[in-house]
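Q: need a structure here:
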Amino acid sequence: MQIPKQQVIDFIKSKVGGDQASQADSELPDQVDTDRDAGLLQKFGVDPKDLLGGSGGGLGSKLGL
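A: Numbering: from 1, shown residues only. Below you'll find the predicted structure:
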């Protein structure tokens, strides 16, 4: 699934912290693909399933999933 980078950055900032979010901002592509970029997301402490609305109230609900 494609997610805009800024939404991922905001998620990282709220769940992990600003330092990780700043680093992610410089390394993630403009459109983050949860499958293709799973390794990068995990590097920043994010489980791709959490972004899609897993148990943590991720972006999935905000994106209408």
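Q: Would you indicate which residues of stretch 1-14 are buried?
A: Neighbour-count burial for stretch 1-14 flags I3, K5, V8, I9, F11, I12, K13 (criterion: 16 or more other Cβ atoms under 10 Å). Bear in mind the C-beta positions are built from the backbone N, C-alpha and C, glycine included.
Q: Just the mean pLDDT for that stretch, thanks.
A: The average of the pLDDT scores along stretch 1-14 is 94.
Q: Looking at the buried residues of stretch 1-14, which is nearest Q20?
A: Minimum distance to Q20 across the buried residues of stretch 1-14 is 5.5 Å, recorded for I12 (Cβ to Cβ).
Q: So which of the buried residues of stretch 1-14 is the closest to L41?
A: Nearest to L41 among the buried residues of stretch 1-14, counting by Cβ to Cβ, is V8 at 7.4 Å.
Q: Identify the farthest-apart pair in the buried residues of stretch 1-14.
A: Spatial extent of those (Cβ to Cβ) is set by the pair I3 and K13 at 14.5 Å.
Q: Report the contact partners of the most centrally placed residue in the chain.
A: Centroid check for the chain by Cα atoms, centre = their mean gives V8 as the closest residue, at 3.4 Å. V8 sits next to A24, L28, V32, L41, V46, L51, L59 when contact means Cβ atoms under 8 Å, 6 or more residues apart in numbering.
Q: ok so, going back, now the buried residues of stretch 1-14 as TSV including distance to D37 and secondary structure?
A: Below are these laid out as TSV (distance: Cβ to Cβ, whole Å; DSSP: H, G, I helix; E, B strand; the rest coil):
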residue	distance to D37	secondary structure
I3	9	strand
K5	10	helix
V8	9	helix
I9	13	helix
F11	13	helix
I12	12	helix
K13	17	helix
